[in-house]
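# Quick one, structure for this:
(chains A and B)
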There are 2 protein chains.
Amino acid sequence: MIRLAEPRDTESIWAILAPVFAAGDTYAVPRDITRASALAYWLAPGKTTYVAELEGRIAGTYYLRANQAGPGAHVTNCGYISAPWAQGRGLARAMCAHSLQAARGAGFRAMQFNLVVSTNTRAVRLWQDMGFAIVGTIPSAFAHPTQGDVAAHVMWRLL
Amino acid sequence: MIRLAEPRDTESIWAILAPVFAAGDTYAVPRDITRASALAYWLAPGKTTYVAELEGRIAGTYYLRANQAGPGAHVTNCGYISAPWAQGRGLARAMCAHSLQAARGAGFRAMQFNLVVSTNTRAVRLWQDMGFAIVGTIPSAFAHPTQGDVAAHVMWRLL
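Model prediction:
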């Protein structure tokens, strides 16, 4: 069950964001980001934020926004995070499929991920499986906590 | 002469931004953006904004910022705009060279342009000449006012 995030979801969303941002190996967010800043980022004006429930608990969250303004506003950008306990149950895939539909409904014509960390091979493969192509690779774009500066991909698909 | 923008430069900066944003063929900014929104964008918190003077007049402006936060914060991003009357005098090149030095001084390790409109061939060639490589090309990323959806390049170089 995937639905729009509501104010009552805030604590559950933070519980999902916190370990991922602290790990620092997938998102370009400071590892020591505060709860307030993390929520301000994930629920920022201009983002539409969803939560995914499994067994009555919030197991994942994603946001959808215009990646650029004006002449770039037909391209959407999303970010997805699943709770550790929900891994391996198709949640990221379900959220991505939901976001593709939501983006089409909102009139977007393409979806772009700006920074898919190359060492996050599970994500790269999943997005490829969901129809995204690697349209660019930025060398040493991401300071990985254990692997040094690693490349990041720009991934894209039409809607 | 290139120096940090000051509050007294606001009107001159707007005079440079306005025709470029209204033309809508290079920046992912709404063509009908207001003066206040354009200045808020160009002088946003997190951006360091410079102006370039020619013959005592402000002839160009650029900003420098971190392109991403946290593990992506070692990569800078810039935007440059010259006044129409200053075209063809090496101003964009001078501002880019200045920004490379400023970025090195600020500790950045690479510079990335996220959306170089492919039809803006003069800019693409100039950035290549300044050491940038096309590391990605996003199909139909930019709704050009006369040419439809055109591709945009991601361009990048080490500092």
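# Spell out which residues of chain A are next to chain B.
A:21, A:24-25, A:27-31, A:33, A:68-75, A:109-110, A:112, A:114-115, A:135-145, A:149, A:152, A:154, A:156, A:158 (C-beta under 8 Å from any C-beta of the partner chain). From N, CA and C alone the C-beta is placed, and that goes for glycine too.
# try it again with 6 Å
A:24, A:28-30, A:68-72, A:135-136, A:138, A:142-143, A:154, A:156 (C-beta under 6 Å from any C-beta of the partner chain).
# of the residues you listed, buried ones?
Using 16 or more other C-beta atoms under 10 Å in any protein chain shown as the burial test, the residues of chain A next to chain B include A:24, A:28-30, A:68, A:70-72, A:135-136, A:138, A:142-143, A:154, A:156 as buried.
# which two of the residues of chain A next to chain B lie the greatest distance from each other?
Spatially, the most separated pair among the residues of chain A next to chain B is A:Gly24 and A:Pro71, at 33.6 Å (C-beta to C-beta).
# since we're on A:Asp149, how many residues are nearby?
16 (other C-beta atoms under 10 Å in any protein chain shown).
# three-state assignment of the residue nearest to it when sequence neighbours are not counted?
Distances taken as C-beta to C-beta, 6 or more residues apart in numbering or on different chains put A:Ser140 closest to A:Asp149, at 3.6 Å, once the chain neighbours are dropped. The three-state label given to A:Ser140 by DSSP: H, G, I helix; E, B strand; the rest coil is strand.
# Spell out which helix or strand contains A:Leu17, please.
helix A:10-23 (DSSP states H and E).
# Identify all contacting residues around the very next helix or strand once past that helix.
Tracing the chain past helix A:10-23, the next element assigned as helix or strand by DSSP H and E is helix A:35-42. Helix A:35-42 is contacted from outside by A:Trp14, A:Leu17, A:Phe21, using C-beta atoms under 6 Å, 6 or more residues apart in numbering or on different chains.
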